[in-house]
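Colleague: I'd like to go over a predicted model; first the sequence, then the structure.
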Amino acid sequence: MARKLPPLNALRAFEVAARSENFTHAAKILNVSQGAISRHIAQLESLPWPAPVRP
């Protein structure tokens, strides 16, 4: 049985948000809205394995 991998954009958003410790700053770095960062993090949190801790 193949495991579904998380979306790469969501992982990238999480990594930048964790480094910057701020969704707004992460959004500026990735040239997306703060809401997009939040949706990516929520997408990761909905996966069936342990969720990442919000930065």
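Modeller: Good, I have the coordinates.

Colleague: burial count for Arg19?
Modeller: Arg19 has 12 neighbours, counted by other C-beta atoms under 10 Å. C-beta: built from backbone N, CA, C; applies to glycine.

Colleague: poorly predicted segments of this protein, please.
Modeller: 1-3, 50-55 (pLDDT under 70).

Colleague: can you give me the helices for it?
Modeller: 8-20, 23-30, 34-45 (DSSP state H).

Colleague: hmm, who's touching the longest one?
Modeller: Residues external to helix 8-20 that are found in contact with it (C-beta atoms under 8 Å, 6 or more residues apart in numbering): 23, 26, 29-30, 32, 36-37, 40-41, 43-44, 52, 55.

Colleague: and stretch 25-41, C-alpha only, in PDB?
Modeller: Only the C-alpha atoms of stretch 25-41 are listed here, as PDB (Å, rounded to 0.1, in the frame of the first residue of the first chain):
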ATOM      1  CA  HIS A  25       6.900  37.000   7.200                       C
ATOM      2  CA  ALA A  26       6.800  33.500   5.600                       C
ATOM      3  CA  ALA A  27       4.200  34.800   3.200                       C
ATOM      4  CA  LYS A  28       6.400  37.700   2.100                       C
ATOM      5  CA  ILE A  29       9.300  35.300   1.500                       C
ATOM      6  CA  LEU A  30       7.200  33.000  -0.600                       C
ATOM      7  CA  ASN A  31       5.300  35.800  -2.300                       C
ATOM      8  CA  VAL A  32       1.900  34.400  -1.200                       C
ATOM      9  CA  SER A  33      -0.800  35.600   1.200                       C
ATOM     10  CA  GLN A  34      -0.700  34.900   4.900                       C
ATOM     11  CA  GLY A  35      -3.900  32.900   4.400                       C
ATOM     12  CA  ALA A  36      -2.200  30.700   1.900                       C
ATOM     13  CA  ILE A  37       0.500  29.900   4.500                       C
ATOM     14  CA  SER A  38      -2.200  29.100   7.000                       C
ATOM     15  CA  ARG A  39      -4.100  26.800   4.600                       C
ATOM     16  CA  HIS A  40      -0.900  24.900   3.800                       C
ATOM     17  CA  ILE A  41      -0.200  24.400   7.500                       C
END
